[in-house]
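> need the 3D shape of this:
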Amino acid sequence: MDTLVILGAGGAASAVASGSDHRVDRWTLDHPAGSWTTIGRVGGDGWVMGGTALGTWIVGEVTNRRLVAHAGSDLIRAQVLNGLVTRVVKIAVDRTRPSGGRYAFPSGHASAAFTSAGVLQQHFGWKGAVPGYAAASFIALTRVRDRAHWVSDVVFGAAVGLASARAVTRGHQSKTWTIMPAAVPGGAGIIVMRR
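Numbering: from 1, shown residues only. Down below sits the predicted model:
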């Protein structure tokens with residue numbers, strides 16, 4: 001259910017963002033990007049993201065670091081799921097890119113990057129989330145700057161990526177907190193438990 005909520009919110013945000021698609025594209029035409037956008041084009045490529053996921057798993061297995069191997073395994077599964085969902089939607093929608101190419105919606109680079117960021121957040125908390133989401137946002141920005149995608153493409157791509165990460169890592173939170181009322185001598189109180 002939570003993945004459907006993410007996709008629904010992403011769809012709504014994408015619909016809102018579509019109102020600025022042409023305005024942002026005109027701005028990118030008037031302000032061409034520098035060579036820095038190559039970093040996002042290469043870094044967000046599905047093969048690069050998938051290879052990094054596989055490499056993470058291999059490093060974890062070789063060094064016998066269970067947490068790294070588990071994160072790598074989840075990254076692989078999430079990238080495969082994300083790739084399938086993104087490809088199916090791209091083919092079904094067949095939206096024209098700002099540059100004139102096909103299959104703009106959703107952005108595969110953005111979805112792959114946000115998939116990795118979501119998995120890193122689930123495994124490493126804010127220490128994985130901050131660099132993961134910063135990198136994913138940078139990749140999404142470069143796709144718009146290169147005129148490879150509309151703003152609405154990267155917004156929905158981010159939602160597909162987050163939903164893919166959530167679908168794979170659901171139930172991984174091993175440190176959950178529960179707050180409940182309790183009777184204590186002299187009145188009522190609360191108990192805070194960590195499971």
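> ok, the residue positioned nearest the centre of the chain - contacts?
Nearest to the geometric centre of the chain sits Phe114, at 1.6 Å (Cα atoms, centre = their mean). By Cβ atoms under 8 Å, 6 or more residues apart in numbering, the contact set of Phe114 is 133, 136, 140, 157-162, 165. For the C-beta atoms, the positions are set from N, CA and C on the backbone; glycine is no exception.
> and for Trp27?
By Cβ under 8 Å, 6+ apart, Trp27 has no neighbours at all.
> packing partners of the top helix by length along the chain?
In the chain, assigned by DSSP state H, the helix with the most residues is helix 66-93. Other helices and strands packing on helix 66-93, by 3 or more Cβ pairs under 8 Å, 6 or more residues apart in numbering; DSSP states H and E, are helix 46-62, helix 108-124, helix 151-169.
> okay, buried residues for that helix please.
Neighbour-count burial for helix 66-93 flags 68-83, 85-86, 89-90 (criterion: 16 or more other Cβ atoms under 10 Å).
> give me the angle between that helix and helix 46-62.
160 degrees (axes from the mean of the first three to the mean of the last three Cα atoms, to 10 degrees).
> and the pLDDT at Pro98?
Looking at Pro98, its pLDDT is 88.
> pLDDT score for the residue nearest to the centre of the chain?
For Phe114, the predicted pLDDT is 94.
> over to Thr178?
49.
> so, low pLDDT: which residues of this protein?
Within the chain, the segments meeting pLDDT under 70 span 172-195.
> cutoff 90 now
Applying pLDDT under 90 to the chain flags residues 1-47, 49-50, 66-68, 93-106, 108, 123-129, 141, 143-152, 156, 167-195.
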